[in-house]
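Participant: Quick one, fold the following:
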Amino acid sequence: MARKRIREDEEAVIDMTPMLDIVFIMLIFFIVTTSFVKEAGIEVNKPKAANQSKQKSANIFVAVKDTGEIWLDKRRVDIERVSATIEKLLAEQPTDVVIIQADKDAKHGVVVKVMDAIKDAGIDRISIAAAKG
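Facilitator: Coordinates of the predicted model:
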């Protein structure tokens, strides 16, 4: 009788090692293939627009507040440093589109200077974010 109990206990064991190996390989795959979006770091009141289109491939967002502050990668940036900061972000994660999130009360001159700095960094496609209206 004792021998029969030992055999039943041995048969009930399931080897979990192959399943854990697969789970860890899938975890590594998802970490490596995930693309991270560099947000501007602040919330702005975007102007409303009737016609708008979605940009799916943008990874870099530049925010311009109504006070004239420029935010990029969750940090406040001076207008003179926008181009260099975008070049650094492009080295980390290349993209061909930059989205400007300008406040509806932001000065037009500041937004144009930001657009010029983005062009100087080598980006030709610039989009302006707008709220649905």
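
Participant: Quick one: the helices in the protein, in order.
Facilitator: Remark: helices assigned in the chain by DSSP state H are 2-11, 17-33, 82-92, 108-120.

Participant: Need those in TSV (columns: mean neighbour count, mean pLDDT and distance to residue 67).
Facilitator: Heads up, the C-betas are built off the backbone N, CA and C, glycines and all. Converted to TSV, those look like this (neighbours: other Cβ atoms under 10 Å; pLDDT from 0 to 100; distance: least, Cβ to Cβ, whole Å):
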stretch	mean neighbour count	mean pLDDT	distance to residue 67
helix 2-11	8	58	72
helix 17-33	9	89	38
helix 82-92	16	88	16
helix 108-120	16	91	10
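
Participant: and stretch 95-103, average pLDDT?
Facilitator: Taken as a whole, stretch 95-103 carries a mean pLDDT of 86.

Participant: what comes up buried for it?
Facilitator: Neighbour counts over stretch 95-103 (16 or more other Cβ atoms under 10 Å) mark 95, 98-103 as buried.

Participant: And those, which is closest to residue 16?
Facilitator: Nearest to residue 16 among these, counting by Cβ to Cβ, is residue 95 at 41.3 Å.
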